[in-house]
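[1] Turn this into a structure:
(one chain, ligands or ions: 1)
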Amino acid sequence: MPLRADHHLAAFVARPPPRLALAELPTPVERAPWLDVGGAEVWVKRDDQTSRLYGGGKVRKLEWLLASPRYAGDGPIVSLGGVGSHHLLSLALFLREQGREAHGLMFDQVFTPHVRETLAAFVSTGARVWSVRTRIGLPWAGLRYYLWARPPRIGAWMPAGGSNGLGGLGFVEAGLELGRQIDAGKLPRPAAIYMTGGSAASSAGLVLGLALAGVSTQLKVVSAVEPVLLGAGSWGRMVGQVWRELLAAGLHAELAAEGWRGLLRRAKVGWSIDHSQVGPGYAVPTPAGERVVALATANGCLLETTYTGKCAAAMQADLAAGQAGPVLLWNTHAGTDLAALARPGWESRLPARLRRALG
Ligand SMILES: Cc1ncc(COP(=O)(O)O)c(C=O)c1O
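    Below you'll find the model as predicted:
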C-alpha cells in the first residue's frame with residue numbers, strides 16, 4: 001500500500017513517522033441547520049466520508065498504525081472490542097486489502113440491527129472471533145485465543161479502539177486539517193467541538209492538533225463509556241501518550257519545552273469530559289440518542305446509538321442550555337452500507353455461544 005508524503009505534521013516535527021494513504025482527506029465540513037437549537041449554528045465534520053471501503057474515524061488511526069514496523073508483514077492482527085466494534089470492522093476490512101486476517105476478542109453488547117450488521121461484515125472478511133458475554137470476561141477470551149494461536153497464527157497485538165500514541169497521530173492530523181479549513185474560510189472557528197470518546201485516542205489526538213493549529217476552542221468529549229473507564233485522569237494519560245509520540249518524532253524544541261498542558265493554555269484550547277449521555281451503560285441505546293440518530297438519518301447523515309448519537313444528543317442539550325455557537329459535531333461514524341459487506345451464511349463463522357445469543 002502506498003505511503004503518504006503529505007503530512008500537516010511535517011511542519012511541527014523533524015521525523016514524521018510513516019503513514020499509509022488509506023483515507024480520502026480532507027473530509028468535508030458542512031452546515032447542518034437541521035441540528036440547530038436556539039440561535040446557534042451547527043456544523044458537521046463529515047468523517048463518515050473518509051473512505052469508500054469503510055469510513056469513520058478509525059481509518060485515520062490505521063493510516064499510522066498499519067504503517068508501523070510493529071504491524072509489518074503478512075500475519076494476523078488481534079485486537080478487542082464489543083461485537084459491534086467499528087474499530088475491529090475497520091481493521092478487518094483494511095487488513096483484507098493486504099490479504100491479512102483480523103482476530104477479534106469480543107464481548108456482547110445490545111444486539112441492535114446496526115450491531116448485527118457490523119458483526120456480519122466483520123466475520124464476512126474472513127476475520128475470526130473469540131467471544132465472551134461481558135467486558136470483565138475478556139481475559140478468558142484472551143486465554144482461549146492464546147491457547148489456540150501458535151506462531152505464525154498468533155496475531156500482533158493492537159490496543160482496543162486502535163488507541164495508543166501512534167494511532168492518536170491520526171487525529172493530531174485531523175485537528176491540523178480542520179485548522180486549514182477554518183483558515184480557508186470553509187467554516188467559522190467553532191466555539192465548541194463535540195467529539196465522542198471511548199478508548200479516547202481520537203479526542204486526545206484532536207486536542208493536540210487543534211492546539212498546534214492555533215484553533216482556540218473548547219473540545220467537549222462526550223463519553224460513550226462509564227466514568228470508571230474514561231475520566232480526566234485516563235484521558236490526560238492518553239493525551240500524554242500522543243504527546244510522547246510527537247516528542248519521539250522530533251517535535252520542535254520550543255513546543256516540546258511547553259509540555260502539552262502549556263501548549264493548550266497558550267493556544268486557549270479547553271476541554272471537558274461529559275458523561276451525561278451514557279445512560280444505562282456502554283452501547284445501550286438511549287431515547288435522546290435514538291431521536292437524534294433518526295433526525296440525522298432523515299437528513300442524509302448516518303449516526304449510530306453507541307457513540308455519535310449520544311454525542312449529538314449532548315450537543316443539543318448544551319445548546320438548549322445556552323451553549324454559544326457556532327459549534328461543530330465531529331461525525332466519527334462510517335457512512336458505509338454495511339448490508340453490502342455481509343456474505344450469506346456469515347453466522348456459521350461465529351462461536352456457538354454467540355450464535356445462540358444472537359438468536
Ligand atoms: C463511531 C465511533 N466514534 C468514536 C469512537 C471512539 O473513538 P475513541 O475510541 O478513539 O475514543 C468509536 C470507537 O471506539 C466509534 O466506533
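[2] when you scan the longest helix seen in the chain, is anything in it near the ligand?
    Assignment by DSSP state H gives helix 165-183 as the longest helix of the chain. No - using Cβ under 6 Å from any ligand atom, we find that helix 165-183 stays clear of the ligand, coming within 7.6 Å at best. Glycine gets a C-beta too; all of them are placed from N, C-alpha and C.
[3] Stretch 35-50 too?
    No - applying Cβ under 6 Å from any ligand atom, one finds stretch 35-50 out of contact with the ligand, separated by at least 8.6 Å.
[4] helices or strands next to the longest helix of the chain in the packing?
    When contacts are defined as 3 or more Cβ pairs under 8 Å, 6 or more residues apart in numbering; DSSP states H and E, helix 165-183 sits against helix 58-65, helix 201-213, helix 232-248.
[5] how much does the second one deviate in direction from helix 232-248?
    By that I understand helix 201-213. Angle, helix 201-213 to helix 232-248, by axes from the mean of the first three to the mean of the last three Cα atoms, to 10 degrees: 60 degrees.
[6] Helix 201-213 vs the ligand: in contact?
    Yes - Helix 201-213 reaches the ligand (Cβ under 6 Å from any ligand atom) through 201, 202, 203.
[7] tell me the mean pLDDT for the longest helix of the chain?
    Mean pLDDT, helix 165-183: 98.
[8] buried set for it?
    Buried residues in helix 165-183, counted by 16 or more other Cβ atoms under 10 Å: 165-179, 181-182.
[9] Which residues of the chain lie near the ligand?
    Residues of the chain lying close to the ligand by Cβ under 6 Å from any ligand atom are 56-57, 86-87, 161, 163, 196-203, 307-308, 332-333.
[10] rewinding a little: just put the helices and strands packed on helix 165-183 in a markdown table and tack on mean pLDDT and mean neighbour count.
    A markdown table is the format used below for the helices and strands packed on helix 165-183 (pLDDT from 0 to 100; neighbours: other Cβ atoms under 10 Å):
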| stretch | mean pLDDT | mean neighbour count |
| --- | --- | --- |
| helix 58-65 | 98 | 28 |
| helix 201-213 | 99 | 29 |
| helix 232-248 | 98 | 18 |
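[11] Rebuild these as a markdown table, extending it with distance to residue 95.
    Rendered in a markdown table, the data for those read as follows (distance: least, Cβ to Cβ, whole Å):
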| stretch | distance to residue 95 |
| --- | --- |
| helix 58-65 | 9 |
| helix 201-213 | 19 |
| helix 232-248 | 22 |
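[12] In terms of residue numbering, what are the domains of the protein?
    8-58+163-331, 60-162 (automatic domain parsing).
[13] Tell me which of the ones you listed sits nearest to residue 355.
    domain 60-162 (9.7 Å; Cβ to Cβ).
[14] measure the closest one end to end?
    End-to-end span of domain 60-162 (Cα to Cα, to the nearest Å): 10 Å.
[15] For the residue nearest to residue 29 when sequence neighbours are not counted, what is the enclosing helix or strand?
    With sequence-adjacent residues excluded and distances taken as Cβ to Cβ, 6 or more residues apart in numbering, residue 29 is closest to residue 187, at 4.6 Å. Assigned by DSSP states H and E, residue 187 falls within no helix or strand.
[16] Contacts only, for residue 187.
    Counting by Cβ atoms under 8 Å, 6 or more residues apart in numbering, residue 187 makes contact with 29, 31, 43, 181, 326, 328.
[17] Which residues does the first one form beta bridges with?
    In this case it means residue 29. For residue 29, the beta-bridge partners are residue 45 (DSSP bridges).
[18] just checking, it touches residue 184?
    No - Residue 29 is beyond contact range of residue 184, at 10.1 Å (criterion: Cβ atoms under 8 Å).
[19] Which one's more surrounded, these two?
    Per other Cβ atoms under 10 Å, whichever of residue 29 and residue 184 has more neighbours is residue 29, with 19 against 9.
[20] Please name the residues that touch residue 329.
    Residue 329 neighbours (Cβ under 8 Å, 6+ apart): 32, 35, 42, 43, 44, 45, 194, 311, 312, 315.
[21] Excluding sequence neighbours, find me the nearest residue to residue 125.
    Here the residue nearest residue 125, using Cβ to Cβ, 6+ apart, is residue 92, at 4.2 Å.
[22] Isn't that neighbour up against residue 127?
    Yes - in this structure, residue 92 is within contact of residue 127 by Cβ under 8 Å, at 4.2 Å.
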